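Novice: could you look at this predicted model? Sequence included:
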Amino acid sequence: MSHTSSQAKYGWLSLGLVVGLAVGSYLPHAPLHAVATDRHDNFAIATGAMDGEIEAIFFLDFTTGNLQAAVINPLRGNIGLTYSHNVQADLKVDLAKSPKFMMVTGQMQVRGPGGPSQYAQSVIYVAEASSGMVACYAMPFNRGVLNNSPGTAIPSEFKPVFVGPFRQAVIR
């Protein structure tokens, strides 16, 4: 009887596996997109999607407040686009107080100001704990410009989408 019971268990397990695979093959497939953020001392790094399979790598230097990004041209294997912006004025940073920055990426469809402007799928959020301010930045992006970029990177600027407080009281 235990031999028959054991065969039944394996039979049901096999049937469940076959049914699961069959049902799974008919369901819509959603691609997995991973982003990463890390920091060390006075420096943060993050990744975010620009368009489809193309992503950017973002850098924030806490000492200078410089936010930068680089987008690799997948056709040539070189940096095709760069972005830069200094966040100190936006976030009302007092460098004498050793700024405490945080940086993450997010996804948002940013609309251009009534023109053919295109923006990347990702935005970058930068917050500063002492001032209690947060900013959201978008990047103008066009895959055709990236694909046709020359051997040197084409520079561009981050565009502030939102800058405002996330805390009511400022820490002094």
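Specialist: Perfect, I can see it now.
Novice: list the buried residues in the helix or strand harbouring Gly106.
Specialist: Assigning secondary structure by DSSP states H and E places Gly106 in strand 101-107. Buried residues in strand 101-107, counted by 16 or more other CB atoms under 10 Å: 101, 103, 105. (C-beta placed from N, C-alpha, C; glycine too.)
Novice: Met103 and Ala69: what is the separation?
Specialist: 11 Å (CB to CB, to the nearest Å).
Novice: need the overlap of contacts for these two.
Specialist: 58, 124 (CB atoms under 8 Å, 6 or more residues apart in numbering).
Novice: how close does Tyr26 sit to Val19?
Specialist: For Tyr26, the distance to Val19 equals 11 Å [CB to CB].
Novice: more neighbours, the two?
Specialist: Val19 (10 against 6; other CB atoms under 10 Å).
Novice: is it true that the more buried one lies in a helix?
Specialist: Yes - under DSSP: H, G, I helix; E, B strand; the rest coil, Val19 falls within a helix.
Novice: is the residue sitting nearest the centre point of the chain bridged to anything, and to what?
Specialist: What sits nearest the mean C-alpha location of the chain, by CA atoms, centre = their mean, is Gly48, with 2.4 Å. On the basis of DSSP bridges, Gly48 is bridged to Ala56.
Novice: quick check: it vs Leu60, distance?
Specialist: Gly48 is 13 Å from Leu60, by CB to CB.
Novice: could you do Ala8 as well?
Specialist: 60 Å.
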